[in-house]
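Undergrad: Following is a predicted model, sequence given first.
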Amino acid sequence: MSSQAQRSRPEALGKRLLREHGEVALSSWMRLWRNPITNLLTWLTLAVALALPGTLIVMLNQAQGLATQLHTNNEISVFLSQQTSPEQATAITQQLQQRPDIKQATLIQATDALQEFSLASGLGDILDSLTDNPIPATIIIEPQDKDANTVSQLADQLRNQEAIEQVLIDQLWLQRLQAMVETSQRATWVLAALLSSGVLLVMGNTMRMQMESRREEILVIKLVGGTDAYLRRPFLYSAFWAGLMAGFLAIIIMSLALLLLQPAFANLATSFNSPWQLHNLGIWHWLATLIGSCCLSMLAALLTVQNQLRLIQP
Amino acid sequence: MIQLEQASKRYDDKTALDHANLHLPRGAMAFLTGHSGAGKSTLLKLIMLMEQPSSGRVIVDQQDLSKLSGNQIALHRRKIGLVFQNHQLLEDYSVFDNIALPLKVSGYNNADAGRRVRAALDKVGLLSREKQLPRVLSTGEQQRIGIARAIVNKPRLILADEPTGNLDPKLSAEIMQLFEQFNQVGVTVLIASHDLSLIDRLPHPKVHLHQGHLSGAFVGSD
């Protein structure tokens, strides 16, 4: 006579598991609200630990977008030698325009450049007193391919051409900006890793305390034949719910933080003449935060619960 | 049902069981006697797999317990109804939920569990108490709830560790009657007790434990 045969009505395994999981999910959800303050504080701790790197990651990913966008305006300024006549300048510009790797070559004749400069600088009188125009004719080149390497190769080729005095690529500061964004991104991932271990530790400790407070129950369940899987289940669900709640709180914190940062970033973008703006969280950020939070929380529970179950023996 | 073959259990400073042999047949009811600290609890713990013997073998229901591990230990315990001296009821569980626990861990649904819990409560005469918390019950009632929990899964073996330890003689006699009723329907019952005045009046064989050595009924020669 096995314990299976004693059962008055057989139930399909799948159905039984579904029912058991449903019951445990519900009861561990109800249990959350027995100590709402304590739980809320735990969730907030987890949420802050998640929101900090989360906000930084979202922000820096978008900042990289800004840097790339600025990069697309990357231009080469070609300064012709003083002796070049306006006709020669026009001819060189047309010649350059023929090149397949140049999208647009715009000539600014020496006289126009001087005029523009005197207007912009307010040094008109002084410039007027000069007999020679000190400003050379300039060709602004928009390359076809905006990749940094290609652009600098193109610049090198132009440098060797006759009548060209100087070639400038306005990209050094861009490289610096990109390097800064990349460094910050790496630093953020390190921070995220550290804070994730913080989440694991906080959650692990919470689970350990939960199990300690239910020690009697665990002992009795072990003695009446509860398997480790049965004992583990309520704690894993409780960790799942905690992860979900912490995830929601993290989303709220991150949204508020990004909302506060938006005006500052708008100013920054304006100073670069860029229409770029900081977007708030999208649906994928929501999903990633919730899934990440639940996974971290359940991983912590899995590691702790298994160990505690081994320690709590009748 | 229970077989001990040269089973010994040594703790750091003392020997609780010394090369013990025992053969308790299926359907028997026996008392395990001996003064407190004689190793009665140790013997029950070996049968429950709460402890492993230092040497020798413990066989329950033709199964060598040393070969069980993980979930098999849990499945083994489901076959045994255990009654404690201090009843071990969970304070924040209702009477019903306490008794339903062995059914829950075996995966019974609520309807089946409810039927069985009420049958068990009926058997111990406390059907009206199912919604109450254990602490509002008297000691005798708590002990009967503990017994209801031990029998709800219809185990083939009941182990009881000083089940009447905290009870007056009249209540103790009632508890013993309950065990006799279970035994009459074929359940093997082993009761550890040092309440000699009570068990001497009952017609069941006794196994005596003294300084780790077994003597009396069902004890093979060693």
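TA: That came in fine, so what should we check first? Numbering: from 1, shown residues only, chains lettered A, B, ... in the order given.

Undergrad: mind listing what residue A:81 touches?
TA: Going by Cβ atoms under 8 Å, 6 or more residues apart in numbering or on different chains, residue A:81 touches A:136, A:163-165. Glycine gets a C-beta too; all of them are placed from N, C-alpha and C.

Undergrad: What's the ChimeraX line that selects buried ones from those?
TA: A single ChimeraX command selects the buried members of the contacts of residue A:81 (16 or more other Cβ atoms under 10 Å in any protein chain shown):
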select /A:136,164
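
Undergrad: does residue A:84 really touch residue A:139, like I thought?
TA: No. Applying Cβ atoms under 8 Å, one finds residue A:84 not in contact with residue A:139, separated by 10.4 Å.

Undergrad: so what's residue B:45 closest to, chain neighbours aside?
TA: residue B:51 (4.3 Å; Cβ to Cβ, 6 or more residues apart in numbering or on different chains).

Undergrad: higher neighbour count, residue A:84 and residue A:139?
TA: Ranked by neighbour count (other Cβ atoms under 10 Å in any protein chain shown), residue A:84 and residue A:139 place residue A:139 first, with 23 against 20.

Undergrad: Mutual contacts of residue A:84 and residue A:139, please.
TA: residue A:92.

Undergrad: show me the contacts for the residue nearest to residue B:2 when sequence neighbours are not counted.
TA: Computed as Cβ to Cβ, 6+ apart, the closest residue to residue B:2 that is not its neighbour in sequence is residue B:24, at 4.2 Å. Neighbouring residues of residue B:24 by Cβ under 8 Å, 6+ apart: B:1-3, B:30, B:188, B:190, B:207, B:218.

Undergrad: Recalculate using a threshold of 6 Å.
TA: B:1-2, B:218 (Cβ atoms under 6 Å, 6 or more residues apart in numbering or on different chains).

Undergrad: mind checking which helix or strand residue A:120 is in?
TA: According to DSSP states H and E, residue A:120 maps onto helix A:110-121.

Undergrad: Next, work out how far apart the residue in chain A that chain B sits nearest to and residue B:82 are.
TA: Closest residue of chain A to chain B, Cβ to the nearest Cβ: residue A:225 (3.4 Å). For residue A:225, the distance to residue B:82 (Cβ to Cβ, to the nearest Å) stands at 10 Å.

Undergrad: before we move on, what about residue A:39?
TA: 34 Å.

Undergrad: ok, the two, which is more surrounded?
TA: residue B:82 (25 against 19).

Undergrad: Confirm that the more buried one sits in a strand.
TA: Yes. Counting by DSSP: H, G, I helix; E, B strand; the rest coil, residue B:82 is found in a strand.

Undergrad: what's the distance between the residue nearest to it when sequence neighbours are not counted and residue A:18?
TA: Nearest in space to residue B:82, with sequence neighbours left out and distances taken as Cβ to Cβ, 6+ apart, is residue B:159 at 5.2 Å. The gap separating residue B:159 from residue A:18 is 34 Å, by Cβ to Cβ.

Undergrad: and chain B, which residues reach chain A?
TA: B:50, B:71, B:74, B:77-78, B:82, B:88, B:90, B:101-102, B:105, B:107, B:112, B:154 (Cβ under 6 Å from any Cβ of the partner chain).

Undergrad: Most widely separated two among these?
TA: Between any two of these, the greatest separation by Cβ to Cβ is 28.2 Å, found for B:50 and B:112.
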